[in-house]
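> structure, please.
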Amino acid sequence: MDTQALNAFLAVAENQSFSLAAEQLHITQPAVSKRISSLEKQLDCRLFDRIGRHVHLTEAGRALLPQCRKILQDIREAARSIHDLQGGISGRLSMGISHHIGLHRLPPVLREFSQRHPDVQLDIDFMDSERAHDRILHGEMDLAVITLSPVADQHLQSIPVWEDPLMVTIAADHPLASQKEVTAEMLSHYTAIPPGLNTYTGQIIKELFDTKGLEMNIGMSTNYLETIKVMVGIGLGWSILPLTLLDDTVVALPLKGMPLQRILGCVHHRSRSLSNAAQAFITLLEAEAINAKH
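Residues are numbered from 1 along each chain as shown. Next up, the predicted model:
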C-alpha cells in the first residue's frame, strides 16, 4: 500500500478538507485527490463523501483511519530503529509545543539542542496543549512540551519540567487594584476573561469557582494567554495568568490562602519507542527541570 496515499488519506481525514490537506503536505490539491482516488481504487471502496464543500469519512474510511495511523507509525518506527542502530543523533524529531511555552520557556533549550545536535531536523507544531496531548495519545508525534493534564493517562509518560505559578491579574485602575490579595468571592462580582474552560488552565480556574459554589461572570474567553493579558490591561476584566507572562501593564495579586500553579513539561506515548534524538531532547529537559528548582 502506497505510503504517500495513506499520508494523503490521513491528512484529509484530520483536516476534513482536501485543500487544507494539500497545504499540510506541501503538494497541490489535485495531487491529493489523485492519491485518494488511487487508494480508493486499490481498496475498491469510497473513503470520503464529498457534500458541497464538506468532506466526511465513509464507513470504510472510518474503519481505515486507525489502521492507517498504525501502518504509518510502524513504518516510521522501523526506519527509526534501523537508523538508531548507527548510534548517531540525527533524523527527524516531531514535537508539539504550546504557544506559551514556545515563547517563554523553551527557546534556550531548543537553541542548546540545535547546537549540540545539528543533524537533527526539528519538526515543530505550535498548538494548544490539549490538541498536542491528543496527538501524542494517537501516536502522531514523538514528544509534546505542554501544560500537563491535571488527569494522568496510563498510556502517556509525563515528565514535569517547570512549576508555573498563576496569579490573579487585573488592570491598574480595577476596583480591586488596591487589595494585597483577593478571594474567589471578591472576583465573582467582576467580569472575568478566563482562558477557555476546555483548556487545562481554564479547568483549574473553573474548579476553583465550582468548589466554592460560585459563578464566573465571563465577558469573553480565548485560549491565547497573551491576548487575555492585553484585554485585562485595558480594563475589560480580570483573569488568572502565569506569572512569567506578566509585566507592568497589569497588576498581579495572590489568591488568599490558595496559591495556584500549573505544571509544564514533556509527554510521550509509553508504547512508542523513542529515537536517539528524542532521548537526547528529554535529557536536556530533565537538566532544565533540575536547574529550575535551584
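> does residue 194 really touch residue 220, like I thought?
No: here residue 194 lies out of contact with residue 220, judged by CB atoms under 8 Å, at a distance of 9.1 Å. No exception for glycine: its C-beta is placed from N, CA and C like everyone else's.
> who has more neighbours, the two?
Taking residue 194 and residue 220 together and counting by other CB atoms under 10 Å, residue 194 has the greater number of neighbours (24 against 13).
> give me the phi and psi for that one.
When read as degrees, to the nearest 10, the backbone of residue 194 gives phi -80, psi 160.
> contacts only, for it.
202, 205, 206, 216, 218, 221, 228, 239, 240 (CB atoms under 8 Å, 6 or more residues apart in numbering).
> which of those scores worst on pLDDT?
Across those, the smallest pLDDT goes to residue 221, namely 81.
> quick one on the thing from earlier: identify the farthest-apart pair in the contacts of residue 194.
The distance between the two most remote of the contacts of residue 194 (CB to CB) is 15.0 Å, for 206 and 228.
> more neighbours: which of the two?
More crowded of residue 206 and residue 228, by other CB under 10 Å: residue 228, with 26 against 16.
> got the buried residues for the helix or strand that contains that one?
Per DSSP states H and E, residue 228 falls inside helix 225-233. Residues 225, 228, 229, 231, 232, 233 are the ones in helix 225-233 that count as buried (16 or more other CB atoms under 10 Å).
> and that helix, what does it pack onto?
For helix 225-233, the packing partners by 3 or more CB pairs under 8 Å, 6 or more residues apart in numbering; DSSP states H and E come out as helix 99-104, strand 156-170, strand 239-242.
> and the contacts of it?
Residues contacting helix 225-233 (CB under 8 Å, 6+ apart): 99-100, 103, 169-171, 193-195, 201, 220, 222, 237-239, 241-242, 245-246, 249-250.
> same check, this time on stretch 102-122
88-93, 95, 97, 124, 126, 145, 161-162, 226, 242, 244-245, 264, 277, 280-281, 284-285, 288.
> before we move on, back to that, buried subset of the contacts of helix 225-233, written for PyMOL?
A single PyMOL command selects the buried members of these (16+ other CB under 10 Å):
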select buried, resi 100+169+170+171+193+194+195+201+237+238+239+241+242+245+246+250
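> contacts only, for the closest residue to residue 146 other than its chain neighbours.
Leaving out its chain neighbours, the residue that sits closest to residue 146 by CB to CB, 6 or more residues apart in numbering is residue 129, at 3.7 Å. Each residue near residue 129 by CB under 8 Å, 6+ apart is listed here: 98, 144, 146, 147, 149, 199, 200.
> buried stuff in the helix or strand harbouring the third one?
Secondary-structure assignment from DSSP H and E places residue 146 in strand 143-147. Residues of strand 143-147 classed as buried by neighbour count (16+ other CB under 10 Å): 143, 144, 145, 146, 147.
> swap in stretch 263-277?
Result for stretch 263-277 [16+ other CB under 10 Å]: buried residues 264, 265, 266, 267, 268, 269, 272, 274, 275, 276, 277.
> can you list the weak-confidence ranges in the stretch 151-294 of the chain?
For the stretch 151-294 of the chain, applying pLDDT under 70 flags the ranges 294.
> all set now, cheers.
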